[in-house]
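*Asks:* I would like to see how this sequence folds:
(one chain, ligands or ions: 1)
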Amino acid sequence: MKKIFPSLSPYLFIAVIVQFLSINSFAQDSYIVSITDVKSRKIEIKAQLFPNNDTIQMSPFGANHLKNGWASFVTNIGAKNKQNKEISIQSIGGGAYIFSPYKKGEEINLDYTINLIHDKGKWPFGYKEAAYVRENMMVFTGNALFITRLDMKSATVKFILPKSYMITNAWEEIGINKFKVHNPTELVWTVMTIGQYNFTEVITGDTKIKLVYSNSLSGKKKMISSIITSAVKEYENIYMGKPVNSATQSDKFVCIVNVDSGYVGGGAVFTNSISIMLNKSPSLEHKANTQSWHHILIHEIGHLWNGQSLKTEQQNEWFVEGFTDYMAYNVEYKLRLFDTTEWLAMLKLKQEEYNKAYKGISIKKAGNDKAENYDLIYSGGLLFAQLIDRQIQINTKNKKNINDFLQLLYSEFALSNKLYVLDDIIAAFKNTCMCEPKNIFEYLVTSKKIESP
Ligand SMILES: [Zn+2]
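*Replies:* Prediction:
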């Protein structure tokens, strides 16, 4: 039996996939996903898989608070072999299944139902990162649907839907409602939508984003799409380039926006796709606030560069989240979504949040538990980004700033599809600042407390 590793980090997950990519070709897995009515919350899935051992599994990430992981929502599962004979399939916890008898390389035909009631329960970062139904939209991550195998090399997914339904995802389209994915991450680490909703394509510079928003947001099309357009333009200027895909990923980006007034509001980014849940309909606020609709949107769009294009092989949440947040506020300020008074009040609040959360550990170490150390990572990371920005400006007599530092990382790592580590960040800083990084980067490796300059 192949063991699954619940503590396996996404970085290792990528490494595992890269390893398997170099192995010779496997038969292609395929899925047929049928939905007759999004409000029924039922998804029927037929899968033909060619596993190389007796274990298949759902994603090991994102549902670790549930004993059965993502498999908690799977019902009526059955398996047959190539000869159409029933074989035994058993859930072993953590979203994994073993089946028997197993014959190496032989196909297994799965039949199962997803009960899409994820939004009825509690999620560490909200149901927008799992699956939900609102209005006539069904929104789900691949995590919520697919039973797969870590060594899957490519798979096709065909959706059977009522004629009046649309489907929007970030996958490579190879036919009508038929798509191809190139590894397990692409299959599960993505968010998509099916049903009846608004759709528009936002094209800015070199970046194309498929914007999907619920019918209740129909009147806000201009407001939302113009913020996306302006923000993308700013980010393209900051990084001097568009978001970068790995060679096998499609060149599509999807942004799904919905509203739930009973929800705290927030966003999440997956491979080429963003899930946003606002707690109220967008309106002009002139606030520098974590909860404001434009901050949520602009922060998540920022991850298309920091997170999606610039990828790390270590845990560097302080950089991924803290710097994305700092740059998001910078973009909002530049777009005059709030004024200098708001900017200063925001920095003061971030310092207070960080001080309150401070417990004698570095912001890098805090990233080992994102849910527990949210303010240390986000607010501490933001303060650190500001320190770096300030240091570069002082040392270069305002000839350079944080943008130059990010550009350097983007061109060295994102454009050549290389993963960065902490030393690369330090080197890029040293190069941009033309200064000794030791004193500043002490904040990352020691428990030294960050003070906003
Ligand atoms: Zn983020």
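
*Asks:* From now on I want contacts and neighbour counts done on CA atoms only, so please keep to that.
*Replies:* Noted.

*Asks:* which non-adjacent residue is nearest residue 71?
*Replies:* residue 95 (4.6 Å; Cα to Cα, 6 or more residues apart in numbering).

*Asks:* Help me confirm that the one you found comes into contact with residue 72.
*Replies:* Yes. With contact defined as Cα atoms under 8 Å, residue 95 and residue 72 form a contacting pair (7.5 Å).

*Asks:* how about low-confidence regions in this protein?
*Replies:* Within the chain, the segments meeting pLDDT under 70 span 1-26, 246-250.

*Asks:* max-length helix in it?
*Replies:* helix 374-395 (DSSP state H).

*Asks:* Could you pull out the buried residues of it?
*Replies:* 374-393 (16 or more other Cα atoms under 10 Å).

*Asks:* Which strands and helices lie in contact with it?
*Replies:* helix 324-334, helix 340-357, helix 363-366, helix 402-409, helix 422-433 (3 or more Cα pairs under 8 Å, 6 or more residues apart in numbering; DSSP states H and E).

*Asks:* Of all the ones you listed, which one is nearest residue 52?
*Replies:* helix 422-433 (35.7 Å; Cα to Cα).

*Asks:* and the angle from that closest one to helix 374-395?
*Replies:* Relative orientation of helix 422-433 versus helix 374-395 (axes from the mean of the first three to the mean of the last three Cα atoms, to 10 degrees): 30 degrees.

*Asks:* buried set for helix 422-433?
*Replies:* 422, 425-433.

*Asks:* Of residue 95 and residue 72, which one has the most company?
*Replies:* residue 95 (26 against 18; other Cα atoms under 10 Å).

*Asks:* Next, give phi and psi for that one.
*Replies:* Main-chain torsions, residue 95, degrees, to the nearest 10: phi 90, psi 10.

*Asks:* I'd guessed residue 377 sits against residue 318; true?
*Replies:* Yes. The criterion here is Cα under 8 Å, and residue 377 meets it with residue 318 at 4.9 Å.

*Asks:* Spit out the residues that contact the two alike.
*Replies:* 363-364, 367 (Cα atoms under 8 Å, 6 or more residues apart in numbering).

*Asks:* Let me have those in TSV, extended by neighbour count and distance to residue 147.
*Replies:* Formatted as TSV, the shared contacts of residue 377 and residue 318 follow (neighbours: other Cα atoms under 10 Å; distance: Cα to Cα, whole Å):
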residue	neighbour count	distance to residue 147
363	32	35
364	22	33
367	21	29
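
*Asks:* nearest to residue 406, of the residues you listed?
*Replies:* Comparing those against residue 406 with Cα to Cα places residue 364 closest, at 18.4 Å.

*Asks:* Neighbours of residue 339, how many?
*Replies:* 15.

*Asks:* give me every residue that touches it.
*Replies:* Contacts of residue 339 (Cα under 8 Å, 6+ apart): 286, 333.

*Asks:* Compute the number of surrounding residues for residue 40.
*Replies:* Residue 40, neighbours per other Cα under 10 Å, totals 12.

*Asks:* again with residue 276
*Replies:* Neighbours around residue 276, by other Cα under 10 Å: 22.

*Asks:* what does residue 284 give?
*Replies:* By other Cα under 10 Å, the burial measure for residue 284, its neighbour count, is 11.

*Asks:* What segments of this protein are helices?
*Replies:* With DSSP H as the criterion, the chain has helices spanning 10-21, 184-188, 221-239, 293-302, 317, 324-334, 340-357, 363-366, 374-395, 402-409, 422-433, 438-445.
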